[in-house]
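> Generate a structure from the sequence data that follows.
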Amino acid sequence: PEMLAVLVFLAAGHVASHTRHVSAFQLQRLVPVAPRVSNVAMLTSNDFKIGLTIESEGAVWKVVEFLHVKPGKGAAFVRSKLKNLITGNTVEKTWKAGESVAQAEVEKLEVQFTYQDGEEYVFMDMTSFEEMRLKADQIDQLAYLKESCEASVAKWQGRVISVDLPSQMNLKVIQTDPGVKGNTVQGGSKPATLETGAVVQVPLFIDEGEEIRVDTRENRYIARAKE
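Just a heads-up that it's a prediction; the model follows:
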């Protein structure tokens with residue numbers, strides 16, 4: 001009788017343990033699992049603007065040019081020119097007006113150019129103060145890069161995809177033909193070499209040694225720099 005009682009007790013404990021296990025498993029299956037929420041922001045082709053970064057066909061692209069077209073017949077569309085920020089290649093693509101497109105999840109870092117080391121350009125992260133070494137083909141507006149120049153670095157999936165300098169900068173003219181006095185508003189133009197090596201067309205009245213304001217994206221003269 002004592003042995004039978006022990007066996008019954010053990011069997012009851014095993015059943016209870018198994019019941020608890022099954023109940024927990026069943027409970028886990030009954031609890032709804034929240035769906036994953038994507039952090040990718042969705043835009044449409046109507047939101048295009050120059051410089052916008054998007055994801056398409058497994059790559060990251062920058063909108064270089066775009067044009068909204070409304071034909072007399074048929075649906076409206078958007079014609080665009082895109083630059084692949086990994087390979088540097090450019091393609092032309094046409095989108096339906098309002099077509100969905102994913103905005104690239106790009107991390108922005110503020111950096112400052114410190115010096116050039118051979119073929120590498122060394123920047124300092126203004127937040128972490130860590131060095132970042134980049135190649136010439138990674139830097140937009142390279143002709144305008146100068147020491148202590150601030151820039152914005154874009155990273156996609158941990159990889160640097162672009163380095164943008166300020167869209168406007170004040171730079172000194174180091175070489176140009178002698179200035180022509182007279183009308184400072186209208187007239188011809190002449191090439192001028194700036195302190196960074198960039199060459200832009202300037203009005204005839206600009207002299208060597210003067211500081212001018214330039215558009216670094218369109219490579220053009222804006223005005224004399226304000227003193």
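
> Could you use CA atoms for every contact and neighbour count after this?
Will do.

> centroid residue for this protein?
Closest residue to the average C-alpha location of the chain: residue 154 at 4.2 Å, with CA atoms, centre = their mean.

> Send me stretch 132-143 as CSV with only the CA atoms.
C-alpha atoms of stretch 132-143 as CSV (Å, rounded to 0.1, in the frame of the first residue of the first chain):
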residue,chain,number,x,y,z
MET,A,132,36.6,60.3,-40.2
ARG,A,133,38.8,59.6,-43.3
LEU,A,134,37.2,59.9,-46.7
LYS,A,135,38.1,59.7,-50.3
ALA,A,136,37.8,62.4,-52.9
ASP,A,137,34.9,60.7,-54.7
GLN,A,138,32.8,60.8,-51.5
ILE,A,139,32.9,64.6,-51.2
ASP,A,140,30.5,66.8,-53.0
GLN,A,141,31.8,70.2,-54.0
LEU,A,142,35.4,69.1,-53.4
ALA,A,143,36.8,72.1,-55.3
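
> Buried residues, it. List them.
Using 16 or more other CA atoms under 10 Å as the test for burial, stretch 132-143 gives 132, 134, 138, 139, 140, 141, 142, 143.

> what's the burial count for residue 42?
12 (other CA atoms under 10 Å).

> separation between it and residue 188?
Separation of residue 42 from residue 188 (CA to CA, to the nearest Å): 47 Å.

> And for residue 111?
The separation that residue 111 has from residue 188, given CA to CA, amounts to 38 Å.

> more crowded one of those two?
In terms of neighbours (other CA under 10 Å), residue 111 is the more surrounded of residue 111 and residue 188; the figures are 25 against 10.

> Which residues are in contact with that one?
Counting by CA atoms under 8 Å, 6 or more residues apart in numbering, residue 111 touches 123, 124, 125, 126, 150, 151, 152, 153.

> where does the nearest residue to residue 216 once chain neighbours are set aside sit relative to residue 221, distance-wise?
The spatially closest residue to residue 216, leaving aside those adjacent along the chain, is residue 167, at 5.3 Å (CA to CA, 6 or more residues apart in numbering). For residue 167, the distance to residue 221 equals 12 Å [CA to CA].

> can you list residues touching both of these two?
Counting by CA under 8 Å, 6+ apart, the residues touching both residue 167 and residue 221 are residue 215.

> Settle it for me: which of those two has more neighbours?
Neighbour count, other CA under 10 Å: between residue 167 and residue 221, residue 221 has more, with 18 against 13.
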